[in-house]
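In: Based on what follows, work out the 3D shape:
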Amino acid sequence: MKKAVLLFLLVTNVCIAQDVSQQKRIKDTTAVKIATIDLYKVITIENDTTYIDTSLTIQKEYSHNYLRKDIFGLLPFANDGQTYNTLQYSLTDFSPYPEFGFKAKHFNFLEANQIRYYAVATPVTELYFKTTIKKGQSVDAFITLNTSENLNFSIAYKGLRSEGEYLNQLSSTGNFRFTTSYNTKNRRYFAKAHYTFQDILNEENGGITTIENFESEDSNYNNRQRFEVYFNDAKSFLKGKRVFLDHNFRVNPSKGANNLYVTHQFNYENKFFEYNQATLLSTVGSEQVNRFGGSFLDSGINDQTRYNKMYNRVGLIYENTTLGNFQFFVDDFRSNYYYNRILVFDNQNTIPSAFSQQINSAGGQYEYRRNKWKGKFLYSRSVTAQSLSNLDAKLEYDVNDEIQLVFQYQNINKLPNNNYNLHQSSYVQYNWSKEFKNEKINTIKANAISPWINAELQFSVLNDHLYFTDASSAQQKAEKTQIVAPAQYDGTINYLSVKISREVKFGNFALDNTILYQKAEQQDAILNVPEIVTRNTFYYSDFIFKKALFLQTGISLNYFSSYYANEYNPVIGEFFVQKDKQIGNHPNLDFFINAKIQRTRIYFKVEHFNSALTGNNFYASPNNPSRDFTIRFGLIWNFFN
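Out: Presented below is the predicted three-dimensional model:
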């Protein structure tokens, strides 16, 4: 957090200097040109472009949070910086390549395709601040500038420290990002590159030991620190570094109707996950509990998992202004997932120290943009021993400036994430070395955007679905011991989701509604989701004080129906399927007042203000309560020089 505060102060000084400089120029001359908003671009790795937006809308209210995005479909744990339970399964992204795993720890971990690049007419800074749960703060300081028309740099650091309401729940995270983008003056060569360093530290209390005390609404427990938790000294730590480069070069000297490009993408990344627990036994009432079963150690558990990968893709693009772009590529994927020991058991297989993979694939992509149509069709397949393939077809049609239709079909043959294949721990029953079949995922999506309604439809067929399951015996459950293991479902899961959004305005008042319906058909309860998830916001907005201030205030209702939610396990940093307790069917009401003064947006929010009225049955997972009544304040401050 010291890094975040220092960067926050540094960028603040730059902002003030920018503002003073701007005022001086205004005084010196009336001929100063004002850059239009289309000169402040935000660019993805796929070259999709938007613009820096300083407006205050209801969508900005939804995204003013730790993840800096709309979290509809995600259920946050009680403290900022912790994990999220997934209510909307269609939010899950799939890559055919094997990943590190420990997915519950990755919600705030920025992957390569989530990094944004910029092109700005003048230097731009943004300061984000929000109070956290009890002691702490959340900040995100960002600055970008073009040193010339064809060279841009940006640097940013997001930091959080939040104590939390419950025992042993501190969160401390940091996300450092540095990006650059460059193109030659003749626009023959383009490059995007970034470097990231990210660390996510969470104290892990394992949840409340006596749920009945929480649900009793006993006033003695209004101070949440009085609840017994499973662990008072456990913590998990994820960190990672990445160097990324994506560049292309046009072979023909001048651009014409037919062009040939050589492309290359490089991604080197290493990750580290640690679970640390000083004291093994948990106290539940007057009993001592081995929460995760027997251990090789009497105390001081320090499980460490290391991972690195290197990815290279080389391609050739033929561009025809009439026919579109034809790309052919080959890639090389290499990864190492390893521990510092080999485990030998008498009654089971030896647990190796490492799991390494080398995968080579070849593929092609066709991209077409003309008039109102835009399409991209990709197919890749491994040419080495590992079976891997990806077919992705996407078609967009813009009826007009306000109506857009999108259709997509994806067929993925996915290799398992590494922590399904191998895991080592000081806990005896958390060691495994397994081989699983590839997951087969077929998905059809259809989206419609219009002034009247936005609708999303997804239908997925999952075969050989991988998941973590509760492997505790009946006796272990009675003793409050939690054993989790990887598993593969040999049946078929059919998943359907329909999401509809509609905002109704009447004068200065508006009612914004988002409703999700989803259903999973399966012989066994493996993929569990709530059938209904909804968010309804009634709000008022208008200019006041002679239009010097724009005001936005209202109430939001968040609700999801009861279901067997997955439980979180800190040893493996994953959620697992459980069939013992349902959560949900609890309305969550938030009150907010937001204001915009020039390019500063101020946020004030009373979260879950109905918690004292509707009972203590609000959970993020079966053993972990969700957000309690909280008052929050924050702001976003933009400067354009």
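
In: can you give me the strands in the stretch 451-600 of the chain?
Out: Per DSSP state E, counting those that start in this stretch, the stretch 451-600 of the chain carries strands over the ranges 454-463, 466-470, 484-488, 492-506, 509-521, 532-544, 549-560, 567-569, 574-576, 588-597, 600-607.

In: a markdown table please, covering those and showing mean pLDDT, distance to Asn347 and mean neighbour count.
Out: In this view, the C-beta of every residue, glycine as well, is placed from N, C-alpha and C. Listed next are the strands of the stretch 451-600 of the chain as a markdown table, based on pLDDT from 0 to 100; distance: least, Cβ to Cβ, whole Å; neighbours: other Cβ atoms under 10 Å:
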| stretch | mean pLDDT | distance to Asn347 | mean neighbour count |
| --- | --- | --- | --- |
| strand 454-463 | 97 | 32 | 17 |
| strand 466-470 | 97 | 21 | 18 |
| strand 484-488 | 97 | 16 | 20 |
| strand 492-506 | 96 | 33 | 16 |
| strand 509-521 | 97 | 36 | 17 |
| strand 532-544 | 97 | 45 | 16 |
| strand 549-560 | 97 | 43 | 18 |
| strand 567-569 | 97 | 24 | 23 |
| strand 574-576 | 98 | 24 | 22 |
| strand 588-597 | 97 | 48 | 18 |
| strand 600-607 | 97 | 50 | 18 |
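
In: Out of those strands, the one nearest Asn259 is which?
Out: Minimum separation from Asn259 across the strands of the stretch 451-600 of the chain (Cβ to Cβ) falls at strand 454-463, 35.6 Å.

In: Can you spell out which helices and strands pack onto the closest one?
Out: Strand 454-463 sits against strand 439-449, strand 492-506, with contacts defined as 3 or more Cβ pairs under 8 Å, 6 or more residues apart in numbering; DSSP states H and E.

In: hey, C-alpha coordinates of it in CSV?
Out: Extracted C-alpha coordinates of strand 454-463, given in CSV (Å, rounded to 0.1, in the frame of the first residue of the first chain):
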residue,chain,number,x,y,z
ASN,A,454,-30.6,-5.5,-24.3
ALA,A,455,-30.7,-9.3,-24.4
GLU,A,456,-28.1,-12.1,-24.1
LEU,A,457,-28.7,-15.7,-24.7
GLN,A,458,-26.2,-18.5,-24.1
PHE,A,459,-26.6,-22.3,-24.4
SER,A,460,-23.6,-24.5,-23.5
VAL,A,461,-23.1,-28.2,-23.6
LEU,A,462,-20.3,-29.4,-21.2
ASN,A,463,-18.8,-32.8,-21.5
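
In: That one pairs with which strands, and in what direction?
Out: strand 439-449 (antiparallel), strand 492-506 (antiparallel) (DSSP bridges).

In: could I get these as CSV with distance to Phe640?
Out: Putting the strands paired with strand 454-463 into CSV (distance: least, Cβ to Cβ, whole Å) gives the following:
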stretch, distance to Phe640
strand 439-449, 29
strand 492-506, 29
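
In: quick revisit: and Ser95, which of the strands of the stretch 451-600 of the chain is closest to it?
Out: Closest among the strands of the stretch 451-600 of the chain, using Cβ to Cβ: strand 466-470, at 13.6 Å.

In: Can you spell out which helices and strands pack onto that closest one?
Out: When contacts are defined as 3+ Cβ pairs under 8 Å, 6+ apart, strand 466-470 packs onto strand 484-488, strand 574-576.

In: Strands along the stretch 1-150 of the chain, start to end?
Out: Applying DSSP E, counting those that start in this stretch to the stretch 1-150 of the chain gives strands spanning 40-43, 49-51, 74-76, 84-86, 117-120, 124-131, 136-148.

In: chain center to the fifth one, what's the gap?
Out: Think strand 117-120. Centroid displacement of strand 117-120 relative to its chain, using Cα atoms, centre = their mean, to the nearest Å, is 22 Å.

In: What pairs with that strand, parallel or antiparallel?
Out: Applying DSSP bridges, strand 117-120 is found paired with strand 40-43 (antiparallel).

In: Other residues contacting the strand it pairs with?
Out: Residues outside strand 40-43 that contact it (Cβ atoms under 8 Å, 6 or more residues apart in numbering): 49-52, 116-121, 124, 181, 192, 640.

In: Just the buried ones from the residues you listed?
Out: By neighbour count, with 16 or more other Cβ atoms under 10 Å, the contacts of strand 40-43 hold Ile52, Arg116, Tyr117, Tyr118, Ala119, Val120, Ala121, Val124, Ser181, Lys192, Phe640 as buried.

In: so which of those would you say is closest to Ser450?
Out: When the buried ones among the contacts of strand 40-43 are compared for distance to Ser450 (Cβ to Cβ), Ile52 wins out at 25.6 Å.

In: Pretty sure that closest one sits against Thr36.
Out: No. The criterion here is Cβ atoms under 8 Å, and Ile52 misses it with Thr36 at 11.6 Å.

In: ok so, going back, just name the closest of the buried ones among the contacts of strand 40-43 to Asp470, please.
Out: Among those, Arg116 lies closest to Asp470 (Cβ to Cβ), at 39.2 Å.

In: and the closest residue to that closest one other than its chain neighbours, how far is that from Ala156?
Out: Counting by Cβ to Cβ, 6 or more residues apart in numbering, Arg116 lies nearest to Val42, which is 5.3 Å off, once chain neighbours are set aside. Separation of Val42 from Ala156 (Cβ to Cβ, to the nearest Å) stands at 13 Å.

In: what does Asn594 give?
Out: Counting by Cβ to Cβ, the gap from Asn594 to Ala156 is 23 Å.
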